[in-house]
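Enquirer: Let's see this in three dimensions:
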Amino acid sequence: IVMHTSLIDTLSPAEVQCVLAHELGHLKCNHGLWLTTANLLALGAISLLPMISSTIQESFLRWLRSAELTCDRAALVVV
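Expert: Have a look, this model is predicted:
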């Protein structure tokens, strides 16, 4: 996890803890792996099946929102 120094300087210690907990939630849920896999599938679908690419993109964006909410919940558990 990489945090910019201005973020650390701006936030309170409790807020930094929340940001770290959120990012650790991404690691715990393997979101990096799933995000990479989904990106590769989406790119392949766009090039091979342009007719359904919008449906795939919508599903992908829905998953991204769900992943962010999951990590927000992880941060709430920590705090």
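Enquirer: ok, and what's touching the helix or strand containing Leu24?
Expert: Counting by DSSP states H and E, the element that carries Leu24 is helix 13-28. Helix 13-28 has contacts (Cβ atoms under 8 Å, 6 or more residues apart in numbering) with 1, 3, 7-8, 11, 32, 67, 70-75, 77-79. Where C-beta positions appear, they are placed from N, C-alpha and C, glycine not excepted.
Enquirer: Helices along the protein, start to end?
Expert: For the chain, the helices defined by DSSP state H cover 5-10, 13-28, 31-48, 53-78.
Enquirer: one step back: helix 53-78 and the helix holding Leu24, what's the angle between them?
Expert: For helix 13-28 against helix 53-78, the angle by axes from the mean of the first three to the mean of the last three Cα atoms, to 10 degrees is 130 degrees.
Enquirer: Could you export helix 13-28 as PDB, CA atoms only?
Expert: What follows is helix 13-28, C-alpha atoms only, in PDB (Å, rounded to 0.1, in the frame of the first residue of the first chain):
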ATOM      1  CA  PRO A  13      -4.600   9.300  12.600                       C
ATOM      2  CA  ALA A  14      -8.100   7.800  12.700                       C
ATOM      3  CA  GLU A  15      -8.700   8.700   9.100                       C
ATOM      4  CA  VAL A  16      -5.300   7.300   8.000                       C
ATOM      5  CA  GLN A  17      -6.300   4.100   9.800                       C
ATOM      6  CA  CYS A  18      -9.600   4.000   7.900                       C
ATOM      7  CA  VAL A  19      -7.800   4.500   4.500                       C
ATOM      8  CA  LEU A  20      -5.300   1.700   5.400                       C
ATOM      9  CA  ALA A  21      -8.100  -0.600   6.500                       C
ATOM     10  CA  HIS A  22     -10.000   0.100   3.200                       C
ATOM     11  CA  GLU A  23      -6.900  -0.700   1.200                       C
ATOM     12  CA  LEU A  24      -6.200  -3.800   3.200                       C
ATOM     13  CA  GLY A  25      -9.700  -4.900   2.400                       C
ATOM     14  CA  HIS A  26      -8.800  -4.900  -1.300                       C
ATOM     15  CA  LEU A  27      -5.700  -7.100  -0.500                       C
ATOM     16  CA  LYS A  28      -7.700  -9.500   1.700                       C
END
